[in-house]
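Student: show me how the following folds:
(one chain, ligands or ions: 1)
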Amino acid sequence: MSGSRYRQALSQTTNALFGKRMIIAKSQKDLEKMRAVGELIAEVREALRAMVAPGVTTVELNARAEKMMRDAGSIPTFIGYKPRGMVPFPYAICASANDAIVHGFSNATPLKEGDIISLDMACTLEGFVGDTAITVPVGAVSDEAAQLIRVTEECLELGIAECWPNKRVGDIGWAIQQHAEKYGYGIVRDYTGHGIGRSMHEAPQIPNYGRQGTREKIRAGYCFAIEPMLNLGTAETRTLDDKWTVVTADGMLSAHAEHTIAVTPEGPEILTLTREQKRGRGDVRSESVAA
Ligand code: MG
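Tutor: Numbers count the residues shown, from 1 in each chain. Now for the predicted structure:
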């Protein structure tokens, strides 16, 4: 789930007064727990990806996700999540179809061929949170929809590749922005990636745009949720009457991709991969010893 620029600005002001807005570096023991929850939520994500097809509803996807999370002994982090001034979020996943960007409610409308559906999910295991999102094509989709999804995933990888000690948070946004802008996509600015750990939203905010060498210095032990949200048209957003679902102001398609990562002395480690995916990438160092 993405952070809101406005809510985070408010809490940053509050926290600055009380000195609480520190970026929390994780210990090795914390990182083991982040790996375990990361692998778990990645398994949920892949199960949902495999379920997506014409005729499937997002309440079915939500039910499957919630069951998998609870069966594994974790808590669906989104259910009851309530930023100040908001109504509690009612579902285990955010399901945002087509022009919906993020924070969509699950519903009983069957997905149809040509739709794209963003599925964002998080769970809490032994006190630590893993947060991940994908956008999945429903059957065959238009070339422009397929490209939007592909470029959003490429932006995620490029952002992650910046997560080395001594680089800056602005480098992440810069890498995402320079790639997205080659395609003329609108980069959502109202919602951002974020630090993550014992809380879903920790410092820092991680915008999907920025300048190299600016913002906070990145250090080993930091954990980030990086989540580009790209629109075919305008970057401007609008929130529906349910108070949560964020859609594009012009009704054009939007895609979203998210991983939780850890910064290590050897560079970024993607926590929200399944064991199979880690092996596929040759990244066995990061397999959880738990589970
Ligand atoms: Mg998030």
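Student: so the residue of the stretch 151-291 of the chain found nearest the ion bridges to which residues?
Tutor: Across the stretch 151-291 of the chain, no residue is closer to the ion than A225, which sits at 3.9 Å (C-beta to the ion). Every residue, glycine included, has its C-beta placed from N, CA and C. Beta-bridge pairing for A225 (DSSP bridges): H194, T260.
Student: wait, it sits on A133?
Tutor: No. If you go by C-beta atoms under 8 Å, A225 and A133 don't touch, sitting 9.0 Å apart.
Student: about what we covered before: what about the residue of the stretch 151-291 of the chain closest to the ion, neighbour count?
Tutor: Neighbour count of A225, defined by other C-beta atoms under 10 Å: 29.
Student: now swap in the one 4 residues further on and tell me
Tutor: Close neighbours of M229, defined as other C-beta under 10 Å, add up to 35.
Student: okay, which residue is most central for this structure?
Tutor: By C-alpha atoms, centre = their mean, the chain has its centre lying nearest to E258, at 3.3 Å.
Student: isn't that one up against T192?
Tutor: No. E258 lies out of contact with T192 (C-beta under 8 Å); the separation is 11.2 Å.
Student: common neighbours of those two, please.
Tutor: Common neighbours of E258 and T192, using C-beta atoms under 8 Å, 6 or more residues apart in numbering, are 2, 227.
Student: close to the ion: what parts of the protein are there?
Tutor: Counting by C-beta under 5 Å from the ion, the residues of the chain close to the ion are 1, 131, 225.
Student: closest to N98 among these?
Tutor: Nearest to N98 out of these is M1 (C-beta to C-beta; 19.0 Å).
Student: mind listing what the closest one touches?
Tutor: Contacts of M1 by C-beta under 8 Å, 6+ apart are 77-78, 81, 89, 94, 102-103, 120, 122, 131, 200-201.
Student: which residues of the protein fall in helices?
Tutor: 5-18, 28-51, 58-71, 143-161, 169-182, 275-280 (DSSP state H).
Student: now mean neighbour count and mean pLDDT too, for those, in CSV please.
Tutor: Shown next, in CSV, are these (neighbours: other C-beta atoms under 10 Å; pLDDT from 0 to 100):
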stretch, mean neighbour count, mean pLDDT
helix 5-18, 13, 58
helix 28-51, 21, 98
helix 58-71, 19, 98
helix 143-161, 19, 98
helix 169-182, 22, 98
helix 275-280, 14, 95
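Student: in contact with A47, which residues?
Tutor: 64-65, 68.
Student: measure it to I93 for me?
Tutor: Relative to I93, A47 is positioned 11 Å away (C-beta to C-beta, to the nearest Å).
Student: between those two, which contacts overlap?
Tutor: Both A47 and I93 are in contact with A65, where contact means C-beta under 8 Å, 6+ apart.
Student: okay, the residue nearest to the centre of the chain: pLDDT?
Tutor: Model confidence at E258, given as pLDDT, is 98.
Student: how about the nearest residue to whichever residue of the stretch 1-150 of the chain sits closest to the ion, chain neighbours excluded?
Tutor: Scanning the stretch 1-150 of the chain for the residue nearest the ion gives D131, at 4.2 Å (criterion: C-beta to the ion). Excluding the flanking residues, the one nearest D131 by C-beta to C-beta, 6 or more residues apart in numbering is A122, at 4.1 Å.
Student: that neighbour against T77, yeah?
Tutor: Yes. Using C-beta under 8 Å, A122 is in contact with T77, at 3.9 Å.
Student: for these two, indicate the residue with more neighbours.
Tutor: Using other C-beta under 10 Å, the more surrounded residue of A122 and T77 is A122, with 29 against 24.
Student: list the contacts of the more buried one.
Tutor: By C-beta under 8 Å, 6+ apart, the contact list for A122 reads 1, 41, 76-78, 129-132, 200.
Student: per-residue pLDDT, it?
Tutor: At A122, the pLDDT value in this model is 98.
Student: same question for K112.
Tutor: K112 carries a pLDDT score of 98 in this model.
Student: could you report the neighbour count for it?
Tutor: If you count neighbours by other C-beta under 10 Å, K112 ends up with 12.
Student: thanks a lot, see you next time.
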